[in-house]
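**Student:** what would the 3D arrangement of this be:
(chains A and B)
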Amino acid sequence: MNLALTDPFILAQDYPEALTGKLRSGHATCLRFNRRGDFLASGRVDGTIVIFDIETSGVARKLRGHTRQIQSLSWSRDGRHLLSSSQDSKCILWDLSDGTRVRIVRFEAPVYIAELHPYNHLLFVASLFEDQPMLVDISGTVPVKRQLPTAPRRLRMEGEDINEKQAAQDAKQSTCVTIFTSLGNHIIAGTSKGWLNIIETQTCAIIHSTRLCAGVVIFLRLTASGRHMVCNASDRVIRTIHVPDLSKIDLDIDDISVEVEHKFQDVVNRLSWNHVAFSSTGEYVCATTYMNHDIYVWERGHGSLVKILEGPKEELGVVEWHPHRPFVSACGLETGRVYLWSIVTPQRWSALAPDFAEVEENVEYIEREDEFDIHPIEEIHKRRLDLEDEAVDVLTIEPAKSEFEEESFSMPVLLDVGDSESEEEIVAVGPGTMRRKSPGEGREWMNGAESGESGEDQGTAKRSATNGTKKSQPKMRKR
Amino acid sequence: MPSTRYSKRRRVSSPAKEEPPAYNSSPDELAASSDHEKYHSHRAPSKPLREGRGRKRSYADIYSANSTAVASEDSHSELAGPPRASEEIPNVLITAAASGEDSPDELDHTTPTFFRRPFRASFSKESRRPHEKFTSQSPSPPPYSRLSSPIATPRTPLIRPPQYEPYKEKLVLKGHRKGVAAVRFSPDGRLIASCSADATIRIWETATGKHLHTLEGHLAGISTIAWSPDSKTLASGSDDKSIRLWDVSTGKAHPHLLLSHSSYIYALSFSPRGNMLASGSYDEALFLWDVRTTRLMRSLPAHSDPIGGVDFVRDGTLIVSCAGDGLIRVWDTATGQCLRTLVHEDNAAVTGVRFSPNGKFVLAWTLDGCVRLWNYVEGRCVKTYQGHTNSKYSIGGAFGVYGGEDGVEQRACVVSGSEDGNILCWDVQSKDTLQIIKGHQGVVLGVDTLNKEGLIVSGGIDKTVRVWERVREGAGDSADPVGAAIGALKVCEQEAAGMA
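**Tutor:** Modelled structure (predicted):
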């Protein structure tokens, strides 16, 4: 409702300009806005999930249940459920109405990315570390896991007999990222050899495969409309891709074509990209850079770089763009702080003084003939009251442009959430000596029976602090 | 010195009845007086403090003019006490408690002058009767004519106009030991909260009037309360400078107080999502709190007098605040910037403000005895409601609705308390007085509506909370034009009775 009063020049601005805020609660490694854009979920190194309220910049809820670093977060459409995946090989579906765990799904391997179905919060896909991706149905208390294929579907014309070398190569591939299309009928998967597979959700069969690049597909993300996709790959190129319309009834799977629209790269410095995100409308693409402190923002229409957001003196990991506003959040790799960029709105002084107006240049004042006429005060008042005869409607609520109004879920406001600053990972071990709390310390009870197995994959799942984004791991493995 | 001033102030007495002056004396007042001195010694105009413990806000104390204050004939008997000579500070003036005889010219009484600014206009008694038409003889168009559209009563003929069904008294809730400053229905309509100068809040059941809890903990009178949108938490602002949050189901206070204000809390409002609380105080500050952590999130500057009211728009993006300086400011919640300032040329102190149900208008109570409806986007006053008396207290009110059944248009009305003990109900569109609800003895300070149930709750300095129920006169009545005409006639009679 503030749009009518906001400066149109500010409304016209599409991308953020300056660092405007910070959020802090532990060491965040992973971020995700909910669809409405009022909450930002952040996953921490110690496995805690912190949900920030964007309006208050405070902690709205803390969810504890994972024992290792959170890898990905995914909100349900109505914002009531949140799916988290972690290096402790678990995915947890949280109910935010009371903070309980609806389902806990354990895998054989650490999870890269788990993504909820856009309409069904009891169905998700998970891509696993050195394992086949899974489509998991959690509508029952026992999760039903279905393995998804990785080997790309090659066109028949390449020869009826698929040669052995190719088959062996395909077998070595693994899927690094899986996401649902906007309707959820298909899954798009990126593999470690640069293939993009489109998988039908119903049948779990690959209906189309394209080779995008030679490197690893690290990350995929759709726009809000689902028509475009951004792909971050280890060949230091960010690609925006037209997603084919897969909802057509007479869809011929041989006609599907995946077109790359733009390639964004830094030719001079050969920067590689930690993480990418679309703007709210999909008009812009932003990316955090490897071994660098900046966020690059490109315009998708022309494919040109429009802004480099300077921020803190630290390398940034996951970056997320707010679903409606020119507002970007990213987390620092070293400190784990969440940084926020947005537009700085100057106070318009004319709003404070109703008798004044801001003008571009001097305007000659023309006095009205009657301006200083003196009328009896009572007459003025009566006349004024008589003129108040216009129709006013104080009741009719204009239908909102967004569909969020009818979504009824709103997270309860808890009055006993700890201060966002209170949970430091630094613990005092002696006089003057401090040490960083190891992730999951003090919460061994959460491991329960599976503490033994989780101890084993600790070595593989652990990552160094310097190149610590989760996506860079496949790259390291390949070398 | 402070004590003498206080004792003077405490001299307001109730009407003929032998009730002790409920709202004006409390032991902690004296205790707090040194604080008053401390906080306000630098501000001469703010010095004289209100007598109404119950209603914090006897603004007239602050803004009272040398001239006599407005007090309609009705209220004369209620507010007794001779005029006082001004105290040592020149612009600290007489309290507005005007007795019948100290108005030198009944016909030419003026609104209390807003201090530091020239007095510019007065409302004649005639102008209080909004339906009385005035024919302008002036040849030149008034300077503000371009602002008003010339459309007259554009009613949609497709649906029948509704019949106003008057409110009747349903419950009288007694229990407060001092005047009741504010009453609020919970958003789910199940409960009523009332706060009082006796430093307690009482929770009542709407349907039965059963007293459920007494929330005790504040050290001084409570001026304002606000329900959280989930109806589970109640916030209260007190003269002890603290804001408390209460768990209504248990009646227990939240362990953390919201402390930052340096003076009395006058106004509170929860954001629609319940995550923020806006508070306005006598210390001229408007604060925005993070409810979860009870942390002060933001301070919105730019009022230069005690803040009288604060409200969130329905989607939470705007906050409106008003102050004794006569300004109504609209703020952007996200950036904390002032987006619009509304000011009426009289600069009368604004003591209460509310957004309309659809968030497009702002309703403001001013101490010149008017309730004004502002189109805040265009920055102009679109309606002025008059007929009540309001020159001294911060009086509450709300939007109500009537009609709205099948085939009947739903119309809005404005419900407000009055210093003469009445509750007035105006049609938003025509500005006509629909009903004058009588019952309270003395000033009605808090009024709230529960539109889906057709209820009004009111609280006054007579220590009672009263619930008023809309009387449905049979389902067939509203469809019958004769009945509607009779209904209209009744309203007129009531109105006439009220005027007499």
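**Student:** where does pLDDT dip in the stretch 101-250 of chain B?
**Tutor:** For the stretch 101-250 of chain B, the stretches with pLDDT under 70 are B:101-158.
**Student:** do the stretch 201-350 of chain A as well
**Tutor:** Checking the stretch 201-350 of chain A against pLDDT under 70 turns up nothing.
**Student:** can you give me the helices for the stretch 251-400 of chain A?
**Tutor:** A:349-352, A:377-387 (DSSP state H, counting those that start in this stretch).
**Student:** CA atoms of the longest one as CSV?
**Tutor:** What it means is helix A:377-387. C-alpha atoms of helix A:377-387 as CSV (Å, rounded to 0.1, in the frame of the first residue of the first chain):
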residue,chain,number,x,y,z
ILE,A,377,-13.7,32.2,9.1
GLU,A,378,-17.0,30.6,9.7
GLU,A,379,-17.9,31.0,6.1
ILE,A,380,-14.8,29.3,5.1
HIS,A,381,-15.4,26.4,7.4
LYS,A,382,-19.0,26.0,6.2
ARG,A,383,-18.0,26.2,2.6
ARG,A,384,-15.3,23.7,3.2
LEU,A,385,-17.7,21.3,4.9
ASP,A,386,-20.2,21.6,2.1
LEU,A,387,-17.6,20.7,-0.4
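**Student:** starting at the chain centroid, how far to that helix?
**Tutor:** 57 Å (CA atoms, centre = their mean, to the nearest Å).
**Student:** one more: the shortest one?
**Tutor:** For helix A:349-352, the gap between its own C-alpha mean and the chain's C-alpha mean amounts to 37 Å (CA atoms, centre = their mean).
**Student:** what helices or strands is it leaning on?
**Tutor:** The contact analysis (3 or more CB pairs under 8 Å, 6 or more residues apart in numbering or on different chains; DSSP states H and E) places helix A:349-352 against strand B:338-343. (Each C-beta comes from the backbone N, C-alpha and C, glycine too.)
**Student:** buried ones in the strand it packs on?
**Tutor:** B:338, B:339, B:340, B:341, B:342, B:343 (16 or more other CB atoms under 10 Å in any protein chain shown).
**Student:** in the following helix or strand past it, what's buried?
**Tutor:** Sequence-wise, the next helix or strand downstream of strand B:338-343 (DSSP states H and E) is strand B:350-355. Residues B:350, B:351, B:352, B:353, B:354, B:355 are the ones in strand B:350-355 that count as buried (16+ other CB under 10 Å).
**Student:** swap in stretch A:140-151?
**Tutor:** So for stretch A:140-151, counting by 16+ other CB under 10 Å, buried means A:143, A:148, A:149, A:150, A:151.
**Student:** ok, which stretches of the stretch 51-200 of chain A are helices?
**Tutor:** Using DSSP H, counting those that start in this stretch, helices in the stretch 51-200 of chain A cover A:164-172.
**Student:** show me where it has strands.
**Tutor:** Using DSSP state E, counting those that start in this stretch, the strands of the stretch 51-200 of chain A run over A:58-63, A:70-75, A:81-86, A:90-95, A:100-106, A:111-116, A:123-128, A:134-137, A:144-147, A:175-180, A:186-191, A:195-200.
**Student:** residues near residue A:20, how many?
**Tutor:** 16 (other CB atoms under 10 Å in any protein chain shown).
**Student:** surely it is within a strand?
**Tutor:** Yes: assigned with DSSP: H, G, I helix; E, B strand; the rest coil, residue A:20 falls within a strand.
**Student:** list the contacts for it?
**Tutor:** A:340, A:341, A:342, A:344 (CB atoms under 8 Å, 6 or more residues apart in numbering or on different chains).
**Student:** same thing but 10 Å
**Tutor:** Residue A:20 sits next to A:327, A:328, A:339, A:340, A:341, A:342, A:343, A:344, A:345, B:335 when contact means CB atoms under 10 Å, 6 or more residues apart in numbering or on different chains.
**Student:** roughly how far does it sit from residue A:140?
**Tutor:** 45 Å (CB to CB, to the nearest Å).
**Student:** and if you look at residue A:103?
**Tutor:** 9 Å.
**Student:** shared neighbours of the two, which are they?
**Tutor:** residue A:122.
**Student:** residues from the stretch 151-300 of chain B in reach of chain A?
**Tutor:** B:151-156, B:228-230, B:232-233, B:245, B:247, B:254-256, B:270-276, B:288-295, B:297-298 (CB under 10 Å from any CB of the partner chain).
**Student:** so how do I select the buried members of those residues in PyMOL?
**Tutor:** The buried residues among these can be selected in PyMOL (16+ other CB under 10 Å) with this line:
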select buried, chain B and resi 228+229+232+233+245+254+270+271+272+273+274+275+276+288+289+290+291+292+293+294+295+297+298
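**Student:** mark which of the residues of the stretch 151-300 of chain B next to chain A are part of strands, please.
**Tutor:** With strands defined by DSSP state E, the entries of those inside them are B:233, B:245, B:247, B:270, B:276, B:288, B:289, B:290, B:295, B:297, B:298.
**Student:** tell me what the closest residue in space to the last one that isn't next to it in sequence is bridged to.
**Tutor:** By that I understand residue B:298. Leaving aside its sequence neighbours, residue B:298 sits nearest to residue B:288 (CB to CB, 6 or more residues apart in numbering or on different chains; 4.2 Å). Following DSSP bridges, residue B:288 is listed with bridge partners residue B:278, residue B:298.
**Student:** ok, now which ones touch residue B:288?
**Tutor:** A:55-56, B:271, B:276-279, B:296-300, B:310, B:319, B:331, B:333, B:336.
**Student:** I'd like to know which of those residues are buried.
**Tutor:** Buried among the contacts of residue B:288 by 16+ other CB under 10 Å: A:55-56, B:271, B:276-279, B:296-298, B:300, B:310, B:319, B:331, B:333, B:336.
**Student:** how many neighbours does residue A:372 have?
**Tutor:** Quick note: residue A:372 (other CB under 10 Å) scores 7 neighbours.
**Student:** one more: residue B:383?
**Tutor:** Residue B:383: 26 neighbours (other CB under 10 Å).
**Student:** can you pull the pLDDT of it?
**Tutor:** On pLDDT, residue B:383 comes in at 91.
**Student:** surely it forms part of a helix?
**Tutor:** No: Residue B:383: not assigned to a helix; according to three-state DSSP it is strand.
**Student:** tell me if I'm right that residue A:240 and residue A:220 touch.
**Tutor:** No: using CB atoms under 10 Å, residue A:240 is not in contact with residue A:220; the gap is 11.1 Å.
**Student:** which one is residue B:422 nearest to, not counting chain neighbours?
**Tutor:** residue B:436 (5.0 Å).
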